[in-house]
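Visitor: prediction below, plus the sequence it came from.
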Amino acid sequence: MELTRHYAESLDKRDPLGSFRSKFLIPENEHGQRVYFLGNSLGLQPKSTSTAIDFILQQWANEGVESFHKGERPWLQLHDQLVQPVSTIVGALKSEVSIMGQLTGNIHLMMVSFYRPSGKRNKILMEAKAFPSDQYAVYSYIEHLGLNPDEVILLVKPQQGKAHIDEETLLQLIETHRDEIALVFLGGVNYYSGQLFDIKKISAAAKDAGALVGWDLAHAAGNVELKLHDWQVDFACWCSYKYMNGGPGAVAGIFVHEQHIHDPHCKRLTGWWGYKRDERFKMHDRFVPEPDATAWQVSTPSMILYACLKASLHLVEEAGWPVILEKQRLMIDWLKQIIHDLHSPLFTCITPDSRGCQVSLLFHEKGRMVYDRLFEKGFMVDWREPNVIRLAPVPLYNTFTEIWMFRGAMKQILTELA
Ligand SMILES: Cc1ncc(COP(=O)(O)O)c(C=O)c1O
């Protein structure tokens, strides 16, 4: 890959996704469009989202509750329309996916179903640097069961001086504790380092040790290739406001492998929205689950959030998921090369080669100054206390030329701060 503006522009010119940027609302400042590298935090708003919301509001205004069943787009059909593209993105059977709730709430629901401590097999293997909400959820559920989290949780840590976790160390830990681990629960892509785990390999090792395995895919769903069904993952959950552009607080999703759906040992917390669909409104006393992942749904979902997600996923379908993945690989290789070429003593790139869209820079000094100056120059990147800048250009709305412009801005800032 050449490090020239001409090369960046030529990549943009032959980009099959080039037309998709204009389908999003790009934040602006007084100089024009800003460069938004925050797909890992909150994906941008598709222009079609507001029309999709208006449509729901109009249905509500015109038909009230009848809109659940009637009209050209009944609300009750929305869930399945979302499952179609999402199951492609996460590599699942349609029956294994449900679009529901919010990520942390769904982690709690999954803990009920998949953390089954029994005698000495009661440990949960997690990352030491898991996203805080995952830690809070897991700790609180363990305490709720009357167990001591400090005795039950096994933490896998990065090696001294490293930010990412060595997979061999992780696999060794599973092996060492093979008779004690009840559940392996990890983030597919680490929110801080951007490390993408080998989900297939780790899931296989966990299962070989007799444990169940679940993944928080907040930073992986819509970002990297996933084959949850084939990889025999037991469960997974994700949010849809990052790489799926579903909007702030977007409706989340879960995956439950088909082998668990009819398993009587797999207990769940239930609500009427998980009831067998064709009899849900008969209001029976005892719960009968829908025979797929929607059995985990608890409450009436927000049709507005469903509509937002449908609008954004329509763009993924239009673009083609494999085409998005292809551009992602090219884009991030280009970004990594550009960062490497900056040769700055101020920061180290802590994202390993196994990664998705995100690249994290650990600053040894002046990190906040670099972030502030980037912001002034129109670059929206992510600041993570105490000293990390995360960058996540995404295939649907970022360009190679923007990455080139980032290089120019960084060169200038680094010279000024030298
Ligand atoms: C890895 C990870 N897990 C959990 C969460 C919490 O998600 P929510 O606030 O949607 O429950 C986030 C939020 O960004 C996250 O990145």
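Guide: It's in. Residues are numbered from 1 along each chain as shown.
Visitor: what element comes up after the helix ranked longest in the chain heading to the C-terminus?
Guide: Assignment by DSSP state H gives helix 321-342 as the longest helix of the chain. Counting by DSSP states H and E, the next helix or strand C-terminal to helix 321-342 is strand 347-349.
Visitor: chain center to the longest helix of the chain, what's the gap?
Guide: Put simply, helix 321-342 sits 18 Å off its chain's centre (CA atoms, centre = their mean, to the nearest Å).
Visitor: repeat for stretch 298-310
Guide: With CA atoms, centre = their mean, you get 18 Å for stretch 298-310.
Visitor: for it, give me every contacting residue.
Guide: For stretch 298-310, the external contacting residues (CB atoms under 8 Å, 6 or more residues apart in numbering) are 49, 52-53, 55-57, 60, 67, 75, 78-79, 81-82, 99-101, 109, 240, 244, 246-247, 249-251, 269-274. Using the backbone N, CA and C atoms, a C-beta is placed for each residue, glycine as well.
Visitor: ok, the nearest residue to residue 29 once chain neighbours are set aside - contacts?
Guide: Nearest residue to residue 29 in three dimensions, chain neighbours excluded: residue 378, at 5.6 Å (CB to CB, 6 or more residues apart in numbering). By CB under 8 Å, 6+ apart, the residues touching residue 378 are 29, 31-35.
Visitor: confirm that residue 124 sits in a strand.
Guide: Yes. Residue 124 forms part of a strand when assessed by DSSP: H, G, I helix; E, B strand; the rest coil.
Visitor: please name the nearest non-neighbouring residue to residue 358.
Guide: Nearest residue to residue 358 in three dimensions, chain neighbours excluded: residue 194, at 3.8 Å (CB to CB, 6+ apart).
Visitor: equivalent analysis for residue 81, please.
Guide: residue 310 (6.0 Å).
Visitor: and stretch 96-104, what's its mean pLDDT?
Guide: For stretch 96-104, the mean pLDDT works out to 98.
Visitor: isn't residue 165 up against residue 192?
Guide: No. Using CB atoms under 8 Å, residue 165 is not in contact with residue 192, being 10.9 Å away.
Visitor: name the SS class of the closest residue to residue 107 other than its chain neighbours, please.
Guide: Take residue 107 and drop its neighbours on the chain: the residue closest to it by CB to CB, 6+ apart is residue 137, 4.5 Å away. Under three-state DSSP, the three-state class of residue 137 is helix.
Visitor: where's the residue of the stretch 151-300 of the chain found nearest the ligand relative to residue 353, distance?
Guide: Residue nearest to the ligand within the stretch 151-300 of the chain: residue 218 (3.6 Å; CB to the nearest ligand atom). Using CB to CB, to the nearest Å, residue 218 is found at 21 Å from residue 353.
Visitor: which of the two has more neighbours?
Guide: residue 218 (27 against 9; other CB atoms under 10 Å).
Visitor: now for the helix or strand encompassing residue 201, which elements pack on it?
Guide: Following DSSP H and E, one finds residue 201 within helix 199-208. Packing partners of helix 199-208 (3 or more CB pairs under 8 Å, 6 or more residues apart in numbering; DSSP states H and E): helix 167-176, strand 181-187, strand 212-216.
Visitor: give me the mean pLDDT for it.
Guide: On average, helix 199-208 scores 98.
Visitor: where does the stretch 101-250 of the chain dip in pLDDT?
Guide: Scanning the stretch 101-250 of the chain for pLDDT under 70 picks out nothing.
Visitor: close to the ligand: what parts of it are there?
Guide: For the stretch 101-250 of the chain, the residues in contact with the ligand (CB under 6 Å from any ligand atom) are 102-104, 131, 133-134, 187, 191, 216, 218-219, 239.
Visitor: among the residues you listed, which ones are in strands?
Guide: Under the assignment DSSP state E, these contribute 187, 216 to strands.
Visitor: let's have the residues of the stretch 101-250 of the chain next to the ligand in CSV, adding distance to residue 391.
Guide: Formatted as CSV, those follow (distance: CB to CB, whole Å):
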residue, distance to residue 391
102, 26
103, 22
104, 25
131, 18
133, 23
134, 23
187, 18
191, 14
216, 21
218, 17
219, 13
239, 20
